Each structure stands twice: as C-alpha cells, then as structure tokens.
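Asks: need a structure here:
(4 chains)
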Protein chains: 2
Amino acid sequence: MVDHARTPPRAAGLTDVAIVRAAREIIAEAGVEGLTMRRLSARLGVALGATYHYFPTRDALLQRVLQDVYSEVRLPPAHGADWAEQVKQLTIDTARVVGRYPGLAAYVMAHLDDVVPAAVNRAMVRILSDAGFSLESVAVVMSALYFYGAGLAANLAPMRSVRTFDRVNAAALAEAGLDMLLAGARLRLAADTGGVTDRAD
Amino acid sequence: MVDHARTPPRAAGLTDVAIVRAAREIIAEAGVEGLTMRRLSARLGVALGATYHYFPTRDALLQRVLQDVYSEVRLPPAHGADWAEQVKQLTIDTARVVGRYPGLAAYVMAHLDDVVPAAVNRAMVRILSDAGFSLESVAVVMSALYFYGAGLAANLAPMRSVRTFDRVNAAALAEAGLDMLLAGARLRLAADTGGVTDRAD
DNA sequence: ACCTGAACACCGTTCAAGT
DNA sequence: ACCTGAACACCGTTCAAGT
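Replies: Numbers count the residues shown, from 1 in each chain, chains lettered A, B, ... in the order given. You can find the predicted model right below:
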C-alpha cells in the first residue's frame, strides 16, 4: 500500500503561510511595487517556480496578503457603546492596518474589489441598523465611510517618505474630519428616527 | 499606415503636447498600467528614444498628464452661491475629471504628491474662509474633502469593468455622502461663527 | 506533489550613432 | 536638437525536467 504517513515537506518546506508572511515583510519595507516574485523567492530561499507552485499569480498572492492584513482589524463587541464611536473606531482601525503597507490601498482600489474587509462591512451595517438608520441612510453612510476610509488608507502610508505636512497633524485631521462626517450622519439619523421625512410613504 | 506629411519641420515633428494627448488616450482606454513608453511611441509613430527626448521618465510624463487633466476642472466664480454648493461642485468635478482615467487617482496617491490640483485647493480655502470657517475648521474640512474626494476618484473608474453595484447608484450615493459630510461642516461653521455646541470644550 | 532553472515576452531606461 | 535602434537589467509567467 501507499505510504500514508503524515509526510513532512520533503524539500524546502515551503508553505503558503510563509510566503504570505515574507510578502508582507517586503511590502512593509519597499511597498507593493517592491514586491517581486523573484525577490520574494530569494528571501524564502527557493527558486522562482516554487513560489508559483503556491500562488498562480502575483495578484492572487496580493489578494491573500490583503485578507491576512484584514484579519488584524479589531471588530467591535456585539453590545458596544455609541454607534458613532464604534463606526469611527472601525474606519480608523481599518485605514491604520492597511495604511501600514505602502501602496496597498491604492493597489487594491485599482486592481481588486474592496478596500474594506467584508467583516467590517457587515459589522458596520449591523451597528448602523441597530442605531436606527433607515436602509437608505445605511447605504449613504456606508459609502461615505468607504470613500473617506479609502482615501485615508491610501494617503496614510505614501510611497514617498517626504511629505509636506507631518504625520501627527495628518492623523489628528483625519480623526477630526471623520468626526465631522459622523456629525452629519447623526443629523440624518435624527431625521430617520424622530423627524419628518419628505420621502415617507 | 504612415502618412507622408509634406516636409515636417525636421523629422517627425514630435511635440510634448502631442505626447501628452496620446498618453491620455491610452490611459483612458487601458488605464495607467496600459500606458507603456513603447506603446505610446508606437501610437505616435516614433522610436522609443524620441519620447524619452521629451520626457526623461514615465513618472515625469504622468506628472504632466495629471496637470493636463487637472486643467479641465471648472473653478467656481469668485462670487458664487452657497459655500457648500461650491465646495461640493469642486469636489465632485475633480473626482469626475480624474476618475475618467482608470488607475490615475490610485497612481497619484501612491507615487505623486496630491490628488487635488493646487488651484482647487486655493479656491476651497478661499470659499471656506469667506464663509466664516475658522482656520482650524478650514483645515479639517479640507482634509475631509481630500480623503473623501481621493477615495471617490479612485473608485469612480476602477480598472475592472465588473462592479458589484451599478454606476448610477454609486454616483447618487457619492453625492448623498458628500451632502452628509457638508452637513457636518455646516454644524462646525455654526460653532465657529458663534453658535452653541453640545461639546463644552 | 514539490521544486529547479531556463526560457519567453514584456518593461523602463540608456546611449552611441545618425540627420 | 531631434530621432533611431540596439542594448541592459529588470519583470511576470510558463514549463520541461528533476526529486
């Protein structure tokens, strides 16, 4: 019969997890453009073809890297505090996590699907619905947060290290701007729950 | 097919304007990634080196393309209507103009300096200042509009033609979200100009 | 199945050489 | 000055060949 032993890797012991880890290291150091299949393979100590055995294409690898990065976004507890605080935390945390990797947000926007992990989207919908936002308002707030967060993530870690305005100031501005956006959302919520809506019927 | 022009100035009669025009055509058709110095030269009917004679690098060319695209953003008249309407128009127009070129906004965010033309920035500062926003509020509103507009521009013309939600809906959502953000700004303006805020700071 | 190393068709950039 | 065409050092991707 065949050897059914739990065979450890015979050759280099390459794994997809190790590849993703190395890819994240390179991106953090040199940006998405710095991630090269050759450079990655060299860091892993394998031949070029080995990496391609686990990931058929560079885009597929980046997709996995993105998922891996997304998994670090902290989701809020089911019974959280203020909806605005939760949504704010979620948006900033996502932008911060993704923004750690130069060029990743821009790459995702240009090539992949969404700059926001599905779990974050689901959590946001739940938070906003629970808060009393109408279906239409949920869509508007979500899209506003999406655009804002996408722009934020892409500009948080620019490829160029030289930037006209300093980081600290930028982070504070980003938070204040988000607060302002959420103040507008609060107005919409008031119209949804208590106030009179013209659209009603 | 090559048209034998009657005595071109010297050789091919290449100009930087013609190069930029052709580059914009290619980007509109195939995205920023589709812009290749070889493909561009082929379209212009010149050798690869000719293009490099006018633009030392692909990045320099894209910088010029960006300026050229920016010049199409319509600036509001000096004595406009509502500040919110002007700022909204400016933001949407910029995103729309840049968003016509797939991958351009994402490229700019990753490689170049600003996704917003300097003239637009100046106009916005003027509009907001004239409306009565404090210096700090101007900065906050500007940064919020920057992130929002950047995310919008990058997602308006994605490389992938297939998109989960349709365009019309996305455009309407983008406008509604911007209105919401500006409603938050209006609140800030009220606080700046003497209104009472809930936050006793 | 896992991995190697060469090969293919690109790319940005450079540059000696022509006009 | 303007332009050509070859060359260089890269890339992503493929694939016959080894273990």
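Asks: switch to C-alpha atoms for all contacts and neighbour counts from now on
Replies: Fine.
Asks: quick one: pLDDT of the closest residue to A:Gly132 other than its chain neighbours?
Replies: Spatial nearest neighbour of A:Gly132, excluding adjacent residues (C-alpha to C-alpha, 6 or more residues apart in numbering or on different chains): A:Thr193 at 6.4 Å. In this model, A:Thr193 is scored at 90, pLDDT.
Asks: quick one: the helix ranked longest in chain A to chain centroid distance?
Replies: When chain A is parsed with DSSP state H, its longest helix is helix A:167-193. A distance of 20 Å separates the centroid of the chain from that of helix A:167-193, by C-alpha atoms, centre = their mean, to the nearest Å.
Asks: mind giving me the packing neighbours of that helix?
Replies: Applying 3 or more C-alpha pairs under 8 Å, 6 or more residues apart in numbering or on different chains; DSSP states H and E, one finds that helix A:167-193 contacts helix A:83-99, helix A:135-156, helix B:135-156, helix B:167-192.
Asks: in that helix, what counts as buried?
Replies: Across helix A:167-193, burial judged by 16 or more other C-alpha atoms under 10 Å in any protein chain shown covers A:170, A:173-186, A:188-189, A:191-192.
Asks: show me where chain A dips below the pLDDT cut-off.
Replies: A:1-12, A:114, A:158-168, A:195-201 (pLDDT under 70).
Asks: how about the residues of it by DNA strand D?
Replies: A:Leu35, A:Thr36, A:Met37, A:Arg38, A:Arg39, A:Leu48, A:Gly49, A:Tyr52, A:Pro56, A:Thr57, A:Arg58, A:Asp59 (C-alpha under 7 Å from any atom of the strand).
Asks: I'd assumed A:Val46 was in contact with the fourth one.
Replies: Going back to what we said before, that points to A:Arg38. No. A:Arg38 lies out of contact with A:Val46 (C-alpha atoms under 8 Å); the separation is 9.4 Å.
Asks: what's the closest non-adjacent residue to A:Ser137?
Replies: In space, A:Ser137 is closest to A:Arg188, 7.2 Å off (C-alpha to C-alpha, 6+ apart).
Asks: of the residues of chain A next to DNA strand D, buried ones?
Replies: Buried among the residues of chain A next to DNA strand D (16+ other C-alpha under 10 Å): A:Leu35, A:Met37.
Asks: ok, and of the residues of chain A next to DNA strand D, which contact DNA strand C?
Replies: Checking those against DNA strand C (C-alpha under 7 Å from any atom of the strand), the matches are A:Leu48, A:Gly49.
Asks: show me the residues of chain A next to DNA strand D that map onto helices.
Replies: Per DSSP H, the residues of chain A next to DNA strand D map to helices at A:Met37, A:Arg38, A:Arg39, A:Leu48, A:Gly49, A:Tyr52, A:Arg58, A:Asp59.
Asks: so the first one makes contact with A:Arg58?
Replies: By that I understand A:Met37. Yes. A:Met37 lies in contact with A:Arg58 (C-alpha under 8 Å); the separation is 7.1 Å.
Asks: ok, how many other residues are close to A:Leu145?
Replies: 26 (other C-alpha atoms under 10 Å in any protein chain shown).
Asks: now it. Nearest residue, chain neighbours left out?
Replies: Per C-alpha to C-alpha, 6+ apart, closest to A:Leu145 is A:Thr91, 7.1 Å.
Asks: and the gap between the one you found and A:Val73?
Replies: Using C-alpha to C-alpha, to the nearest Å, A:Thr91 is found at 10 Å from A:Val73.
Asks: higher neighbour count, the two?
Replies: In this view A:Thr91 and A:Val73 are compared by other C-alpha under 10 Å, and A:Thr91 has more residues nearby, 25 against 21.
Asks: next up, the contacts around the closest residue in space to A:Leu40 that isn't next to it in sequence.
Replies: Excluding the flanking residues, the one nearest A:Leu40 by C-alpha to C-alpha, 6+ apart is A:Ala23, at 6.4 Å. The neighbourhood of A:Ala23, defined by C-alpha atoms under 8 Å, 6 or more residues apart in numbering or on different chains, consists of A:Leu35, A:Leu40, A:Val65.
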